[in-house]
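*Asks:* here are the coordinates; sequence isn't available:
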């Protein structure tokens, strides 16, 4: 929760660049800190999820079966791959459109 609140703060306030203009133009400005804190927040959530899964694994296998759990775990890399592919294709499409407009 603390990481998320700090990320929201750095997203909404121009800190530290407000107090030292010119020093954080490339590295260390608030938006970069926002992304770093959100990445750490996601990492903390994944660790909590993993610990929760380890403590509840026997009950989950009993309720859902091991096959369903493996399918759920295996679907995440597929989702990440599809998301990356869509981002790549949309970037390519945007570049082609910009190239056509500039001609």
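*Replies:* Nice, thanks for sending it over. Quick caveat: nothing in here was measured; it's all calculated off a predicted structure.
*Asks:* Can you name the residues that contact residue 28?
*Replies:* residue 16 (Cβ atoms under 8 Å, 6 or more residues apart in numbering). Any C-beta I mention is one placed from the backbone N, CA and C, and that applies to glycine too.
*Asks:* Can you tell me how far it is from residue 19?
*Replies:* Computed as Cβ to Cβ, to the nearest Å, the residue 28 to residue 19 distance reads 12 Å.
*Asks:* Can you tell me the centre-most residue of the chain?
*Replies:* The residue lying closest to the centre of the chain (Cα atoms, centre = their mean) is residue 39, at 5.8 Å.
*Asks:* which residues sit in contact with it?
*Replies:* Residue 39 neighbours (Cβ under 8 Å, 6+ apart): none.
*Asks:* any idea of the pLDDT on it?
*Replies:* Note on residue 39: pLDDT of 92.
*Asks:* Show the backbone phi and psi for residue 25.
*Replies:* Backbone geometry at residue 25, expressed as degrees, to the nearest 10, gives phi -70, psi -40.
*Asks:* Same question for residue 68.
*Replies:* phi -70, psi -40.
*Asks:* can you check residue 24 too?
*Replies:* According to degrees, to the nearest 10, residue 24 has phi -120, psi 30.
*Asks:* Disregarding flanking residues, what is the spatial nearest neighbour of it?
*Replies:* residue 17 (4.3 Å; Cβ to Cβ, 6 or more residues apart in numbering).
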